[in-house]
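>>> Only the shape, not the letters, is given here:
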């Protein structure tokens, strides 16, 4: 270990003037590492990780709270410490994977230590005490300060590196790495900074066989992106084999919706989902009964019969009750099976008490997924709103919205953003409602709410009936309080229940949301600023996860609506927020959890495949776009699925089909129009087939028969029971007359001179007696 030194050189002081939250950016301290802030994974194996951390520059801003002037330290890519009332210092955090059975042990390899006396750089104020999270509704928490700690003339005791084990998701064990390289002496107002920090993590007692088995058992391509955010995540070794099995999609519903759901179920099946219908009159109506059923499906998962990836609840709380665990009403606990905060399945609700409330959910979802809207140009527009709040509207509201519009919702992505920043947003409520009424792909509001909707600028349930956006439905996110609560009728429910208007999905909270946490939900963990840091200096929030323009591999892509909820909540967890479990509980989705949102008008999917398959053929080659999900069905029964590779190629293994028929092929991929076509199953060689222009006729009428046989046929022999003529030799028989009532067989035998095949259709033609009316009329 290097010798401790006190070094004040290589410190550059720069003065900036800015105001946000009664704060002023005052100083920038550039350490000997200069601007090279970063955490690098040097080595990664199943049993050991090695990291190198550089802190780079440290900014200080002045803050006044309770009429006391304080300083706050800001480092790019860092969030806050976690002891409320103690001096707030920056902490770098990163989510990692740890093997099952392992106890992580930390070994410090090397570092440089340097001290900085803040007063010498114009920072005379002590560091601000860490305050409790501030809600967006209700009273702000009381000021908190551990006065005794501020009298402590030493560097406050803290651990340089810690690891918090968070839980398990889909068989993968997740932990949070915390690096605290800045120590603070409140009396001397000085910093001790650990620079060039190199360390390793050793996984003692790791059960690698169990780790691999759990990943394989619960693998889902839709969860792969979730888990790939872990710094050292390793995919299951047999991952490629798993993509040949259909995604499992479970619908839990009241029986009264069964018939109404069938078109939705048929479409999901055609898309390649194995749909499990679970009606509460069979599985039970109570929370324990429903959870036991769902957990049974999950625990029974295998690579050949996968655990569910999605669950859709159909019904309001009267049909499917919610949990209440002190954080607010939640559905999360239906899907959490390992005693932690992470749900194992994506979930959403079609919240309806009757058929009239349910039908708009179905109609909007089918139109959107099948891409049958008359004019898709609305998909090129979004609405981004930082609502009214004198304390946080600029820093948190504008900061979140600016990050989204600077990085994604802009002309570079062929998207036009109707952007409303604080404070001008407050006077534009009518225009915002008009934008949504005109139709947008996406809208995000951050500020104050109530169960009835967005507060200021106002967009509430009373305005929904006036919307005119028929066939123009998008996803709305409300980073605000209670707009998607379960107990009563809320904004999230009503904007989905609205017929021929409203939205196709709504993400919101069932209870109060908080300023810091909502910022992280959208932007990713890191320092909060009206002028947000660049992509490289934040964690990844739901904006980043929706777009893939920073070289992210497919495994990192988040494509569905409920994945965006998970993306935001993972950012809150990575930030180390004390409200992480609360956030996983309250944020929910009204809508189909598997629906992929279009950001911009999607391209037509280029795809090639054979238009015909021979009977018994068990492989179909398809070339489409990278990572397209391709499904083959026959009579709404899945015959084979595949996830295309990085080149767009897929060899789909099919069930053996022994008779001619028509296959449906559906291919879907984010930001591409769905592809839907048919493939005919034909015999290899001679195969007799025929049709008739009418099979129900009256006596004296004729029927025209058409040969539909396969093969290089040279002879045709027809037999028409009850018909005139009764037989015919040749490809095209003359019209056949039926003089006698009854049901009659028709037979066709074809031959190519070597092979022969016969088709008989029993009672194919039904002949009815003519009925004549005989009457006299007086004129």
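That came through, no problem. Remember, predicted model here, so these are calculated numbers, not experimental data. Residues are numbered from 1 along each chain as shown.
>>> partners of the helix or strand containing residue 728 in the sheet?
Per DSSP states H and E, residue 728 falls inside strand 727-729. According to DSSP bridges, strand 727-729 forms sheet pairs with strand 715-720 (antiparallel).
>>> I'd like the average pLDDT over the strand it pairs with.
Per-residue pLDDT values over strand 715-720 give a mean of 98.
>>> after it comes which helix or strand?
Next along from strand 715-720, by DSSP H and E: strand 723-724.
>>> Point out the other helices and strands that that following strand packs with.
strand 736-738 (3 or more C-beta pairs under 8 Å, 6 or more residues apart in numbering; DSSP states H and E). (Each C-beta comes from the backbone N, C-alpha and C, glycine too.)
>>> packing partners for the strand it packs on?
With contacts taken as 3+ C-beta pairs under 8 Å, 6+ apart, strand 736-738 sits against strand 701-703, strand 723-724.
>>> residues in contact with that strand?
697, 699-705, 720, 722-725, 744, 765, 767 (C-beta atoms under 8 Å, 6 or more residues apart in numbering).
>>> before we move on, the earlier item: in JSON lines, list the helices and strands packed on strand 736-738 along with distance to residue 397.
Formatted as JSON lines, the helices and strands packed on strand 736-738 follow (distance: least, C-beta to C-beta, whole Å):
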{"stretch": "strand 701-703", "distance to residue 397": "73"}
{"stretch": "strand 723-724", "distance to residue 397": "80"}
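>>> looking at the ones you listed, which is closest to residue 249?
strand 701-703 (44.8 Å; C-beta to C-beta).
>>> which strands and helices sit next to that closest one?
Strand 701-703 packs on strand 736-738, going by 3+ C-beta pairs under 8 Å, 6+ apart.
>>> Which SSE is immediately downstream of the strand it packs on?
strand 742-751.
>>> Please compute how far that following strand lies from its chain's middle.
Distance, stretch centre to chain centre, for strand 742-751: 55 Å (C-alpha atoms, centre = their mean, to the nearest Å).
>>> Show me what that strand packs onto, helices and strands only.
strand 690-692, strand 705-707, strand 715-720, strand 756-768.
>>> any idea of the angle it forms with strand 756-768?
160 degrees (axes from the mean of the first three to the mean of the last three C-alpha atoms, to 10 degrees).
>>> Name every strand pairing with strand 742-751 and say which way it goes.
For strand 742-751, pairing defined by DSSP bridges yields strand 715-720 (antiparallel), strand 756-768 (antiparallel).
>>> picking that back up, kindly reformat the helices and strands packed on strand 742-751 as TSV containing distance to residue 626.
Listed next are those as TSV, based on distance: least, C-beta to C-beta, whole Å:
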stretch	distance to residue 626
strand 690-692	41
strand 705-707	43
strand 715-720	48
strand 756-768	43
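>>> Distance-wise, check residue 513 relative to residue 485.
11 Å (C-beta to C-beta, to the nearest Å).
>>> More neighbours: these two, which one.
Counting neighbours by other C-beta atoms under 10 Å for residue 513 and for residue 485 shows that residue 513 has the greater number, 28 against 24.
>>> Quick one: the strands in the stretch 151-300 of the chain, in order.
161-169, 172-179, 182-185, 190-204, 247-253, 273-279 (DSSP state E, counting those that start in this stretch).
>>> Any chance of CSV for those strands, columns mean pLDDT, distance to residue 237 and mean neighbour count?
Converted to CSV, these look like this (pLDDT from 0 to 100; distance: least, C-beta to C-beta, whole Å; neighbours: other C-beta atoms under 10 Å):
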stretch, mean pLDDT, distance to residue 237, mean neighbour count
strand 161-169, 98, 19, 17
strand 172-179, 98, 14, 22
strand 182-185, 98, 40, 21
strand 190-204, 97, 18, 19
strand 247-253, 98, 21, 22
strand 273-279, 98, 24, 18
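>>> out of the ones you listed, nearest to residue 153?
Nearest to residue 153, of the strands of the stretch 151-300 of the chain and by C-beta to C-beta, is strand 182-185 at 6.8 Å.
>>> Report the strands that pair with the closest one, each with its relative direction.
strand 190-204 (antiparallel).
>>> The partner strand versus strand 172-179: what angle between them?
150 degrees.
>>> hmm, back to that, export the helices and strands packed on strand 736-738 to CSV and tack on mean pLDDT, mean neighbour count and distance to residue 275?
Formatted as CSV, the helices and strands packed on strand 736-738 follow (pLDDT from 0 to 100; neighbours: other C-beta atoms under 10 Å; distance: least, C-beta to C-beta, whole Å):
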stretch, mean pLDDT, mean neighbour count, distance to residue 275
strand 701-703, 97, 17, 40
strand 723-724, 98, 18, 45
